[in-house]
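**Q** okay, sequence plus prediction incoming.
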Amino acid sequence: MTEQQERPLAEPEPGSGSGCGPGPDSGPPDSGPPDSGPALDPPDPSPPDSGPGPGTRAGRLAGNLGARRAARPAGSPAGSPAARRAVVAGHRSAGRPARPAPAPAGTLPAAEPRPPGEIRLWPPSFADRLTAPLPGLRGLSRMAREGTVRPAAEALRDLHRLPVAPGPLPEPGPGETAVTWAGHASWVLRTGGLTVLTDPVWSRRILGTPARVTPVGVPWETLPPVDAVVISHNHYDHLDAPTLKRLPRDTHLLVPAGLGAWCRRRSFTRVTELDWWEAVELPAPEGGTVRFDFVPAHHWSRRTLTDTCRSLWGGWILTGPGGQRVHFAGDTGYGHWFTEIGDRCPGIDLTLLPIGAYDPPALLRPVHTDPEEAVRACLDLGAHRMAPMHWGTFLLSAEPPLEPLTRVRAAWEAAGLPRERLWDLPIGASRVLSASVAG
């Protein structure tokens, strides 16, 4: 076991079911769209999780799901999940439209997996899935001219303090899942004998953005053979053509609805497009299958001036043969979808959530969670652990580069959550979800 791995001794029982329950409608809800901190050094290795109690998944999920499904009665104890979320929400709650009612209580049956590689027809636009209006081109141009989407010069003096600690990729044992942060929204997930990349960006530069300020956490030549790639949406910092060109053309690409043609034009032969609440399963070399559920996110898509919302956007939930469940949020703002995902996909062991690119909020709040909103989303999901991402790699917005880390640590502490369950990894570091997590 390396210093950057965690193999807990014992965990409460996981959520029932092997996949996410289907939704009757994937469209938007009727309600319409809508400084100081802890040390910044890379975190010390975390001790094993404690046994059952208020911080365990069994205790926290019971209260958290209950708070989501019924209004909190007056006088609820300060330590309840609803109260913890209120602490995190704090300054963000004013003026936010009420969220729609959650899905009915109870675990819904898992969606029947779609056949891999299925070629499907899609509507010409997914604009009806937006949960907030898109910013106008004039506003974007003005912010770019005024320099309000880049950190101040004095904040850049701390770039050398961004945590980077690359190490060897862990070899997960039977029934284990290993996660390694390569930077931004790129992760190396290994489960069931499969190696899966999320939104892989190994390029030094992406279109319209300054070069990355930290190195890729996992050198490409050290990767094991890549079996599958999951893509959250088509923005350049998440769908990087030069990186995908490095892959064999028979690599499984799992992509949002409407993005399959882009992949096939680049000669990929195993392309699976999914709508929200749909799933696909791939055989696992160690036996069984790895299931990939595509779930909603509060975001949008565009790659050129003429293809706005022509393809879908979302997150992914990977369920390994050992039962460990990892949620990859992709790019997203905060909103009602997290509660619904938690209801339909119970027992999430780890959620990978974005915490950066939130300033100026007038432009970015609808599509990027800030650190406090990410912690609140973790609670809404009922996730047992959270690993922050989407910060410290590309300077996409105006907040100081180190601010997301200090704020997420403070928000986690304010919510009363166990410190060892915040996996605030340095770029290149890894953790392992042990077989005991799934029972």
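**A** Yes, it's here.
**Q** now residue 253: phi and psi?
**A** Note on residue 253: backbone dihedrals following degrees, to the nearest 10 are phi -110, psi 120.
**Q** ok, how many other residues are close to it?
**A** When counting by other CB atoms under 10 Å, one arrives at 24 neighbours for residue 253. In this view, the C-beta of every residue, glycine as well, is placed from N, C-alpha and C.
**Q** so is residue 189 in a helix, a strand, or just coil?
**A** At residue 189, secondary structure determined by DSSP: H, G, I helix; E, B strand; the rest coil is strand.
**Q** pretty sure it contacts residue 198?
**A** Yes: the pair residue 189 and residue 198 qualifies as a contact (CB atoms under 8 Å) at a distance of 6.7 Å.
**Q** now do the strands in the protein.
**A** 177-183, 186-191, 194-198, 228-230, 252-256, 270-274, 278-283, 289-295, 315-319, 325-328, 350-354, 386-389, 430-433 (DSSP state E).
**Q** kindly reformat those as CSV containing mean pLDDT and distance to residue 241.
**A** CSV is the format used below for those (pLDDT from 0 to 100; distance: least, CB to CB, whole Å):
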stretch, mean pLDDT, distance to residue 241
strand 177-183, 97, 17
strand 186-191, 97, 14
strand 194-198, 98, 14
strand 228-230, 98, 12
strand 252-256, 98, 12
strand 270-274, 98, 14
strand 278-283, 97, 23
strand 289-295, 97, 21
strand 315-319, 97, 20
strand 325-328, 98, 20
strand 350-354, 97, 22
strand 386-389, 97, 21
strand 430-433, 96, 27
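**Q** pLDDT weak spots in the stretch 51-200 of the chain?
**A** Low-confidence segments of the stretch 51-200 of the chain (pLDDT under 70): 51-109, 136-149.
**Q** now with 50, please.
**A** Across the stretch 51-200 of the chain, the ranges flagged by pLDDT under 50 are 51-81, 83-85, 87-106, 146-147.
**Q** okay, helices next: where are they in it?
**A** Ranges of helices in the stretch 51-200 of the chain, per DSSP state H, counting those that start in this stretch, are 57-69, 81-89, 137-146.
**Q** circling back: touching both of residue 189 and residue 198, which residues are there?
**A** residue 328 (CB atoms under 8 Å, 6 or more residues apart in numbering).
**Q** more neighbours, these two?
**A** Neighbour comparison, residue 189 and residue 198: the larger count goes to residue 198, with 28 against 24 (by other CB under 10 Å).
**Q** contact partners for that one?
**A** Applying CB under 8 Å, 6+ apart, the residues contacting residue 198 are 185-187, 189, 229-230, 232, 316, 328, 330, 352.
**Q** how many neighbours does the closest residue to residue 317 other than its chain neighbours have?
**A** The shortest distance from residue 317 to any non-neighbouring residue, by CB to CB, 6 or more residues apart in numbering, is to residue 293 (4.3 Å). Look at residue 293: counted by other CB under 10 Å, it has 30 neighbours.
**Q** mind listing what residue 293 touches?
**A** Applying CB under 8 Å, 6+ apart, the residues contacting residue 293 are 19-20, 111, 277-279, 316-317, 319, 345.
**Q** okay, and the beta partners of it?
**A** Counting by DSSP bridges, residue 293 forms beta bridges with residue 279, residue 317.
**Q** distance check, it against residue 112.
**A** 12 Å (CB to CB, to the nearest Å).
**Q** what touches both of these two?
**A** residue 279.
**Q** for residue 117, grab the count of nearby residues.
**A** What residue 117 shows, counting by other CB under 10 Å, is a neighbour count of 14.
**Q** check contacts around it.
**A** Taking CB under 8 Å, 6+ apart as the test, what residue 117 contacts is 269-272.
**Q** switch the cut-off to 6 Å
**A** Residues in contact with residue 117, defined by CB atoms under 6 Å, 6 or more residues apart in numbering, are 270, 272.
**Q** that one and residue 166, how far apart?
**A** Distance from residue 117 to residue 166, counting by CB to CB: 34 Å.
**Q** next one: residue 387
**A** 16 Å.
**Q** likewise residue 303?
**A** Taking CB to CB, one finds residue 303 at 30 Å from residue 166.
**Q** please apply the same query to residue 203.
**A** Counting by CB to CB - residue 203 and residue 166 are separated by 17 Å.
**Q** neighbour count: those two, which is higher?
**A** Higher neighbour count among residue 203 and residue 166: residue 166, with 21 against 16, using other CB under 10 Å.
**Q** is it true that the more buried one touches residue 428?
**A** Yes: because the distance of 3.0 Å satisfies CB atoms under 6 Å, residue 166 is recorded as touching residue 428.
**Q** list the residues that contact both of those two?
**A** Shared contacts of residue 166 and residue 428, counting by CB under 6 Å, 6+ apart, come down to residue 217.
**Q** what does stretch 382-393 contact?
**A** Counting by CB under 6 Å, 6+ apart, 57, 61, 64-65, 162, 183-185, 212, 214, 342, 348-356, 378, 404, 408, 421-424 sit against stretch 382-393.
**Q** 7 Å instead, please
**A** The contact list for stretch 382-393, computed with CB atoms under 7 Å, 6 or more residues apart in numbering, reads 57, 61, 64-65, 162, 179, 181, 183-185, 212-214, 327, 342, 346, 348-357, 374, 378, 401, 404, 408, 421-425, 427.
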